[in-house]
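Student: need a structure here:
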Amino acid sequence: MEVDKYDAIVADAHSNGIKHAFYACFFGEDTLYLYNVGYIKANSDKDKVWCPRTTAANSDFCWKDCYLIHKEIATVYNKVNGVWSK
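Tutor: As a prediction, the model looks like this:
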């Protein structure tokens, strides 16, 4: 997760009085890792990662500060027969 994205989520949650924000990462169509944003910074390694500059198609790449989130802090959901469950 890009540090800038994390900072924006935290700032937005704080300015709107939201106590618990979540970050969702989908892997394929049937696996979801759901992270409580409040645990990400303390449970991640920070590193520079070669990433697309933007999410737009055909974007060039650049180095970005990112949190490499430990998967152990995620709540993992799997979709089976159209139903999400832990």
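
Student: Distance check, T54 against I18.
Tutor: Separation of T54 from I18 (CB to CB, to the nearest Å): 26 Å. All C-beta spots, glycine's among them, are computed from the backbone N, C-alpha and C.

Student: Please enumerate the helices of the chain.
Tutor: Defined through DSSP state H, the helices belonging to the chain, from first to last, are 3-15, 37-40.

Student: Deepest-packed of the ones you listed, please.
Tutor: For these, the largest average neighbour count (mean count of other CB atoms under 10 Å) is found in helix 37-40, namely a mean of 16.

Student: ok, C66 - how many residues close by?
Tutor: Around C66 sit 20 other residues, with neighbours defined as other CB atoms under 10 Å.

Student: got the contact list for the closest residue in space to it that isn't next to it in sequence?
Tutor: Distances taken as CB to CB, 6 or more residues apart in numbering place V49 nearest to C66, at 4.4 Å, with adjacent residues excluded. The contact partners of V49, by CB atoms under 8 Å, 6 or more residues apart in numbering, come to W63, K64, C66, L68.
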